[in-house]
Every structure is written in structure tokens, then in C-alpha cells.
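>>> Fold the stuff below for me.
(chains A, B and C)
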Amino acid sequence: MTEAFIHAENLTFSYKGSNGADDIPALTNISLDIQKGEYVAVLGHNGSGKSTFAKLLNLILEPTSGTLIVGGTDLSSGDLSEAELIALRRRVGMVFQNPDNQLVATIVEDDVAFGPENLGVPMPELRERVDGALATVGMSEYADREPHHLSGGQKQRVAIAGILAMRPECIIFDESTAMLDPLGRREVLDTIRALNRENGMTVINITHYMNEAALADRVVVINDGTLLMDGTPDEVFARRDELRAVGLEVPQCAELIHRLREAGVPIEGTAISTAKGCAELLVAAFSKRGNENG
Amino acid sequence: MDKLCLEHIGYTYSVGTPFEYTALDDVTAHIRDDRITGVIGHTGSGKSTMMMLLNGLVKPTKGKVYLDGYDINSTAKELYSDWLKRPEYQNMRKSTAKKAIKAEVQRRKRGLCFRVGLVMQYPEYQLFEETVYKDIAYGPKNMGLSEEEIRERVLYGARFSGLSDDLLEKSPFDLSGGQKRRVAIAGVIAMKPEVLVLDEPAAGLDPLGREQIFNEIRQYQRSTHSTVIIVSHSMEDMAEYCDDMIVLAHSKAIAEGTTAEVFAQISMLDEVGLDIPQITQLIRMLRKRGIDVPENVYTVDRAVELLRDHYQALKGSQT
Amino acid sequence: MKSIAFGQYYPANSPIHRMDPRAKVILTVLYIVCTFLCRNTLCFAALLLSAVFLTVLSRVPIGMILRSIRPLIVILTFTSLINVFMTKGERLLTPSWEIPLWGAHVWRIRIFAEGLWNALFMVVRIVALLIGTSVLLSYTTTPIALTDALERLFSPLKKIKVPVHDIAMMTTIALRFIPTLMDETQRIMNAQKARGADFTSGGLIKRAKALLPVLIPLLVSAFNRAYELASAMECRCYHGGEGRTRLKILHLRVSDVFAVLLLVAFGVGIFFLNRVGILYTMK
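Reported below is the predicted structural model:
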């Protein structure tokens, strides 16, 4: 068995209570492995602890207890040198929610260069990396624009390019589409998908949009700081009632299948995470009935 | 009846600079009384600008906005000739009447933002007071109400936006994101506006938060019979919660009517690149595969009904 | 999607725009020195010509430059008047007008030719100063290039522990966030206006108080942004200026050096022209 890129065992994190108050647990006993090249969605309602999980992965927060190994580096030992920390953050990049609050420079290409500049990447490699990253996210023609003239989706793609230019192995998207309109969201999701499929990037997308989770290979549901579900989108969406109990919902089409089944329509199959899959199931169910007719 | 009426509205930002930008172009739209009207469109389609026109925050570069038939941007000068004939001004001396008209126009202008209450996008960023109570009271206080009335208004606003009483003495900055948003909405509802405008009220909230906030808005509308306008780019939410809809695209209003009427033109919505609900897409796929269901289905409830009936019919024909 | 015209930068592709920003900073300093070197009619004529030359070279529309002078008209008029009425010289142009004030006091208006010249020179000097600095720097250099240039020009100060890099980074971030915060201010003001806030009426204290509902949320949001930005910068491996490379390496070209030398020559020329006293020489 190959070693997992991310290995968490009984991972626990508590926020320090202020003024001697009790510590506030945010994550308790999370155990899971994420392999290289996986596309994982982490689902949960606001305040479920899903963002805390993301922040542990590149040590913005330090684990309180348990084991967390990322790319062979043990993050739970608590004694990383500055050089190791920088190496970790280069390998595990993070794109945040608010596109405005993560762009540093006043010109797009300068911003993309910020990461590799910090890593001391010399010219002309630096130039290659910046141009390459901008091309990957489809923002080459905006290289000399000012970020505040861009749309939300474009800004977020610039932020992604800024991470890509550091040549990471894994990118975490911490609710990166929450503030975007449908068009911007689609731009970013298409970019994420391409990164995973074409560049083999390990992708972790923290989100509360069910339709986004459906795009991943694997969905992890976190509720009240504990791991509730872990499976393919089809498997997770099959457990609609449990999801609803923790303030989540399934995509409309999956909901439809559930409700039809409850109404006594026999629909077989499990592929309920996409509209296409649901259509297939329904066609099959109806034509079966039709055939019996004939 | 039309509560609000926009006629041939044009709005251009930064006229005469290299950044000139037309947000609205010859927009005519009607918003009916006692309904929830959804305004849908892309970012940059002019939605937010349109909302700021309704309460006088910005003035249209072209066209007129009528509230109950009154042009909200009219000046006293434009009104003199008409209003001087009105009985209440007829008996006055002309100069006194003019003064009175001027004062009336001023009063209406000042009162406009209280009649058309606007909740902007991400309204939690406007909170500033020490306590939730004081923050909700900001609007009513600006209306010049008495302490007693203000108190009544604050409780009224808090009740409709689902804030429990024990939160009122807390600092708004200590609340969760969803609660902060509710405080901001309560602050506008507390002004008891005739028209409540909400710009993306559920942006960034999780599914449960979305559902709760939309249900509260619906409940508010149904019990007060006021006019509510919701701006959103989520077709799924619009289909679920709105009675009427206005569709904006490229600075123009391209469709208006009841939600059913607008969704009947679904192919047009597709063309302007709006995200049509997943359920509608599914029904279309089924139709393409030869399953005989009506085309314009845009809520899960309706789809369940139709497909269940379809199945029953198949089963029925079998026996 | 409202855009804010930020700063004075006027995008164009002129020889001045293409110049190394460090050269432009040096040129600006030299130009300022030149304006103060001028003493006589010839010098000021040369100065005025140089300002016109620079404007043409920069391809910045003359209207824009004139607009930037407009706010200075009050100051220009005021200093001119002071010069005209207060300078005492030898060539008296007016008969001694006397304006009775109170009691036995009178104000004697005497205008000397020297006063008129001084006023004229002063106006030329200020206008040239303004045109020179704006054409050489603010209209033709992006704020970010300027920050960059200053960081490099002052980098020797690192030896005496001046945090040049940090100051430059802070300036860059400030420049990046000014438009964002301006948008935000507008948004919050609109939100409070929608709740009946009135920012325009009442006395000074009332108006200042009316701004609190804008300033507090703005401050809260700015702190949030700062916090998030700090996280994002850490995630992008920022660890101070040490070992950083740069995407944009500034190259001082021959033409830049030439331009600096030319301006030095211009200064020397003025120095000598000052000795050729035609019409009038300032004391």
C-alpha cells in the first residue's frame, strides 16, 4: 500500500477559551487518509469545523492532539523549523474565501509572482512559472491588469495561479466559491477540475454547496467537529435524511429520486449525484414499466 | 396594483471618463403590491444599481421611478403647475402654496428610504452599535420616533427576522454570521417599510441558513402583505420563493411576469447564461429521452408530482 | 462594477513612461533643484520651455495637467499679490497712493517693477515645479513602480537597520487596498443612508457623529481583511524580505543615464545663465 499524502489519526483541535474559559473543541478524533491525486470535497454547515480541518493541513492552526502527517512531514510533533514550515506551505497551497483579501500586489502578474518570489525562485524560471500559472487558469491576457478591475471569479483564478506558481502538490480551497456568482463559481470549479484531471493535483474543496460536492471523487462530511460520512458523492447523497438532520441537503435531482421512491416509484440504481445519472435511473425505471406493459 | 414602476430607466456610471459604464439601459419594469418579486441576473447586469434607484440612493440618468404613482425624483418646480390645482393648495396664496409644495417634496424625499427599505448585500458589514438592540434601533431613531415606538419597532424587527430576545443585549460582533445577517435585516424591517428590498439575502449561508432566511422573508411578506423584492442569482431559490420575476441581462430587462410565466421562457433564460435549476435540466433530459412530461418544471415538488403521476399512468395502463 | 480612477497615473507609451522609475525619481529631485536655481529672466524662460518639452514628451494631455494646476490658483494668486505689493525695489511704477485706514494710519500702495518680476518668477517656478514632478513621476509612473524604485534607491539604508523592505511592502499593500476600501466605504455609506443616515446636514460635531456608523464597520472590516491577508501571505511562504527574488528586475538603460546627465547639464547651464542678467535678476 502506498503511503497516503495526508494521514490523520484521531486528529483533535480546540480553540483556547479566552479569560480562563473552557477550551472550545472544533474537531474531535478525525481519522482519514487522502491519497495523492484525489479530489475530495469536505462538506459541513457553517461552524461544523470543516474550515478548521483545512487550516490544520498547512499548519495555520496546530493540532491539539492526534497525528497528522502531510506529505511525509509530521505536523503534530509541534517542532517544525521555519524552513520546514515554508516547505510544507509550498507543497500544500490554500485558496481562501474572499478573493479581495488574498491578493497582495496591484498588478496581476506581480501577485502571481509573490509566492515564488518568497521562495527565492530566480529569473528566468520565475517568469516561466508566472506565465505558466496564468495560462493554466486562463488568465494570461489579464497579466498586466489591476486586480480590482477583475470580476470575483477572475480574482479567484488569479489567486489560484498564485498558488500554482509555487508548484504545490495539493491545493485546499477553503470555501473559495462562496462569495462568487454562478458564472464565477463555474469558472473556478472548471479550473479546479482541470487541475485535478490534467495536472494530477490533489484537491481538497471545503464547501457547503451540494452541487460542488457532486463534482468530487469523494465526499467527507464533517458535523460538530466529527467525521460523519466518507464516501463517493452517490453514497453520501443516498443518506439524505442524515444529511438533513445536520442542516445539509442533497442536490435537487437526488432529492427527486428520494421523494419518488418514497411515493412508491421503484427506481433502481445508485448514481444520483448528477442530473445525468438521475435521468438514466428514471428512464430505466419508466421503460422497465413500459416493457412490462408491452 | 403596481407598487413600484420603472419607466425607461437608464443609468450610467462615471459619465465622461474612460471608466464610463452603463449599468441600466432603457429598463421598464413593474413591481406589484403584496407580492414577492424576484430580480434575477448576472453580476454586472445592473441588479444592485436598480435596487439603489428604488429608494433614491442613486438617481437615474434617464427615465422615471414611480412609487404609488409618484415620481420619486420629481422636484418641486416640476410639480407646481399640477399641484397648485389640488384642493389643499388651491386656497393658499401662490407663494405660500409653493413653499408648502417644496416642503412636501422635501419630506417625501427624506421619507423615501423609510418607505422603501433596502437590505444591501452582505449587510452584516454595516453593524456598528454596542448592542443588537441599539443597532436595530438605528433606522427607527433616524425616523425621529419616540423611545416607546422605537422599542416596539425593534421587537417587531427582531421577531420577523427570527432573533430571540436574549440576543438583543449582546454585542452584534459576538454573533455568528447568520445571526449578524438577521440583525441587519431586522434593522430594516424595524422601519416598517412598505417595500422591503433584499439584495442577495442568503449569499454565503449554508443550505439550512438559506432555507431559514427565505422562509422568514416569506412569512414576513405573507403576514404584513407588504411588497418584497429579492435580488438573487440563484434560480433555484427564485423558483421556490418568488411570486413574480424580473430578469435582467446586459443592463436590460428581458422578461417580467409571474414566476410561471418567466420560467415558461426557459430557453431564453438559458441563452443569457443564467443557471437554470437542476430539476429543470433533468426534466429536459427526460423529455429528450421520450418521457412525456411538461417542459417548464422548476420546483422539486412539481417534478415529484408529475413523475409520480406519469408512473401511475404507466402502471394503470398495464392493468 | 464601478471603477475608481485611482491616483494620477495616465497610461500611455511615452519615453518617460518607459524610463526606469529610479531614474525618474532622481530626475524629479534634480528638476526640483533646477527650479530653485533659477534667478533671472533667461533661466525662467528656459525652465518654462523645459516644462513644456517634458509635457509634450510624456504624451499626457495638456488638459489633464492644467486641471491639476487649478486647485493651486488660489495659492498662486495669493503669493503673486504678496510679491506685487510687498516687494520693495528701486523702480517705482505707481504714484504713492495712500489709503486712509484708521486715525492717522494710512496704507501706502507702492508697486515696484521688482515686485511684478518676482511675482511672475514665482508663478513660473511653482507651475514648472508642478508640471515637472507630475509629468516625471505621478502621471507616468504607477504607484507600485514608484514604491519599487524607492525601495531600491533606499536599500543602502538597510545597513543602518532601516526596514526598507517592510516599509515598501506595507506601501504596496496600502496601494492595493485603497480602491477596495474606497468601494467598501461607499457601500457602507449607502447601507446607512438606506437606514436614514444623514451625512450632509447639521454642524461639524453632528456630522462627525453621523460618520461613526460608517467608520466603525469600516474599521472592523479593515481589521478582518488584514487578518485574512496575513494568513494568505503566510500560506504563500512570505517570511520577510530575506532571500526574495523579484519578477521585475529594473534595468537602468543607457537612455536613463543619458537623461540624468542631460538634466545635470541643464542645471549647470542654469547656473551659468544666472550670470547673464537680462531685464531682471532676483536677489
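>>> Check which helices and strands the host helix or strand of residue C:234 sits against.
Remark: residue C:234 resides in helix C:204-235, with elements defined by DSSP states H and E. With contacts taken as 3 or more CB pairs under 8 Å, 6 or more residues apart in numbering or on different chains; DSSP states H and E, helix C:204-235 sits against strand A:92-95, helix C:164-193. C-beta here means a position set from N, CA and C on the backbone, and glycine is covered the same way.
>>> could you redo the last one with a cut-off of 7 Å?
Counting contacts by 3 or more CB pairs under 7 Å, 6 or more residues apart in numbering or on different chains; DSSP states H and E, helix C:204-235 packs against helix C:164-193.
>>> Counting neighbours, which bits of the helix holding residue C:234 end up buried?
C:210, C:213-214, C:216-218, C:221, C:225, C:228-229, C:231-235 (16 or more other CB atoms under 10 Å in any protein chain shown).
>>> ok, then the element right after that helix?
Per DSSP H and E, the helix or strand that comes after helix C:204-235 is helix C:254-273.
>>> Show me what that following helix is in contact with.
Helix C:254-273 is contacted by residues C:19-20, C:23, C:26-27, C:30-31, C:33-34, C:37-38, C:42-43, C:46, C:50 when judged by CB atoms under 7 Å, 6 or more residues apart in numbering or on different chains.
>>> tell me the SS of residue B:27?
strand (DSSP: H, G, I helix; E, B strand; the rest coil).
>>> Could you list everything it pairs with in the sheet?
residue B:9 (DSSP bridges).
>>> Can I take it that residue A:53 is in a helix?
Yes. Looking at residue A:53 with three-state DSSP, it is inside a helix.
>>> gap between residue A:213 and residue A:281?
19 Å (CB to CB, to the nearest Å).
>>> Those two: which is more packed in?
residue A:213 (25 against 19; other CB atoms under 10 Å in any protein chain shown).
>>> now do the same end-to-end measure for stretch C:51-69.
Stretch C:51-69 has an end-to-end distance of 13 Å (CA to CA, to the nearest Å).
>>> neighbours around the closest residue to chain B within the stretch 151-283 of chain C, how many?
Residue of the stretch 151-283 of chain C nearest chain B, by CB to the nearest CB: residue C:196 (3.1 Å). A total of 20 residues lie near residue C:196 under the criterion other CB under 10 Å.
>>> same thing with residue A:207?
Neighbour count for residue A:207, taken as other CB under 10 Å: 24.
>>> what's the answer for residue B:211, then?
Residue B:211: 17 neighbours (other CB under 10 Å).
>>> Any figure for the gap between it and residue B:237?
Distance from residue B:211 to residue B:237, by CB to CB: 9 Å.
>>> okay, which residue is most central for the chain?
By default, I'm working from chain A. residue A:205 (0.7 Å; CA atoms, centre = their mean).
>>> Switch to chain B, please.
Short answer for chain B (CA atoms, centre = their mean): residue B:229, at 2.0 Å.
>>> Narrow the contacts of helix C:254-273 to those that are buried.
Buried, going by 16+ other CB under 10 Å: C:19-20, C:23, C:26-27, C:30-31, C:34, C:37-38, C:42-43, C:46, C:50, out of those.
>>> ok so, going back, kindly indicate which of the contacts of helix C:254-273 lies nearest residue C:242.
residue C:20 (24.8 Å; CB to CB).
>>> What parts of chain C come near chain B?
C:1-3, C:5, C:187-188, C:190-197, C:212-213, C:216-217, C:220-221 (CB under 7 Å from any CB of the partner chain).
>>> Could you pull up the residues touching the residue in the stretch 51-200 of chain B positioned nearest to chain A?
Per CB to the nearest CB, residue B:177 is where the stretch 51-200 of chain B lies closest to chain A, at 6.1 Å. Going by CB under 7 Å, 6+ apart, residue B:177 touches A:46, B:124.
>>> host element of the residue in the stretch 151-300 of chain B that chain A sits nearest to?
Closest to chain A within the stretch 151-300 of chain B is residue B:208: 3.5 Å, counting by CB to the nearest CB. Residue B:208 is part of helix B:207-224, with elements assigned from DSSP H and E.
>>> Contacts for that helix, please.
For helix B:207-224, using CB under 7 Å, 6+ apart, the contacting residues are A:45-46, A:208, A:247-249, B:36, B:160-162, B:178, B:189, B:198, B:201-202, B:205, B:228, B:230, B:237, B:241.
>>> Averaged pLDDT, the helix or strand that it is followed by. What do you get?
Downstream of helix B:207-224, the first helix or strand assigned by DSSP H and E is strand B:227-232. For strand B:227-232, mean pLDDT rounds to 95.
>>> ok, and does strand B:227-232 reach over to chain C?
No. Strand B:227-232 lies out of reach of chain C by CB under 7 Å from any CB, never closer than 13.3 Å.
>>> Which neighbouring elements make contact with the helix or strand that comes right after that strand?
As assigned by DSSP H and E, the chain's next helix or strand after strand B:227-232 is helix B:235-241. The contact analysis (3+ CB pairs under 7 Å, 6+ apart) places helix B:235-241 against strand B:36-40, helix B:207-224.
>>> ok, and what's touching helix B:235-241?
By CB under 7 Å, 6+ apart, helix B:235-241 touches A:252, B:36, B:38, B:40, B:202, B:210, B:214, B:218, B:230, B:232, B:245, B:259, B:263, B:274-277, B:298-299.
>>> Strands of the stretch 51-200 of chain C, residue ranges please.
Assigned by DSSP state E, counting those that start in this stretch, the strands in the stretch 51-200 of chain C fall at C:97-100, C:106-109.
>>> among those, which is nearest chain A?
strand C:106-109 (53.9 Å).
>>> Need the nearest residue in space to residue A:226, chain neighbours excluded.
Nearest non-adjacent residue to residue A:226, counting by CB to CB, 6 or more residues apart in numbering or on different chains: residue A:28, 5.6 Å away.
>>> Could I get the average pLDDT for the helix or strand that contains that neighbour?
Using DSSP H and E, residue A:28 maps to strand A:24-34. Average pLDDT, strand A:24-34: 92.
>>> OK, contacts around residue B:54?
B:4, B:65, B:116, B:197.
>>> again, only using 6 Å
B:116, B:197 (CB atoms under 6 Å, 6 or more residues apart in numbering or on different chains).
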